[in-house]
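Chemist: the sequence and its predicted three-dimensional model are supplied below.
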Amino acid sequence: MRGVCFGITIVALMPRRFAASATPCAWLPADAAITPRAFSSSVNFASSVEELVAQTVEKTIEEVNADRSVSNNNKNRQIVISLYEKGIFDIKDAINLVADRLVISRHTVYLYIRQIKQEQE
């Protein structure tokens, strides 16, 4: 059974003598090994802001490319829309990083964002 446990951060920061006996989630067995390594295969932490943006962009590109309902002409726009909804453009320099990855100008990214905002009004 896989799930997300929000108590994991707390346990990971506990002294070892307490972490071994702590069970922060009801669905985890008492003898479960709760270590950062136990979750390393399912969770990736970015080591920098650029890496966070890059990981998010790559995941979004994969999602949009997998969606056959999005035409090839609309893929970049849909990627920008998804990233906008995820709040990625609140991060400094994200527009430039996205534009570089999508091989479009930053002005095109700004255009798509303006169009999104206009559609929301």
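Modeler: The structure has been received and is ready for your questions.

Chemist: and the top helix by length along the chain, what does it pack against?
Modeler: With DSSP state H applied, the helix covering the greatest number of residues in the chain is identified as helix 49-66. Helices and strands touching helix 49-66, by 3 or more CB pairs under 8 Å, 6 or more residues apart in numbering; DSSP states H and E, are helix 75-85, helix 94-102. Backbone N, C-alpha and C define where each C-beta goes, glycine included.

Chemist: so which of those helices comes closest to Ala46?
Modeler: Closest approach to Ala46 among the helices and strands packed on helix 49-66 (CB to CB): helix 94-102, 12.4 Å.

Chemist: tell me what the closest one is packed against?
Modeler: helix 49-66, helix 75-85, helix 106-120.

Chemist: just say which of those helices is most tucked in.
Modeler: Across the helices and strands packed on helix 94-102, averaging neighbours per residue (mean count of other CB atoms under 10 Å) puts helix 75-85 on top, at a mean of 19.

Chemist: quick one: mean pLDDT over that one.
Modeler: Per-residue pLDDT values over helix 75-85 give a mean of 96.

Chemist: contacts for that helix next, please.
Modeler: Under the criterion CB atoms under 8 Å, 6 or more residues apart in numbering, residues 56-57, 60-61, 63-65, 67, 70, 89, 94, 98, 102, 104, 108-109, 112-113, 115-116 lie in contact with helix 75-85.
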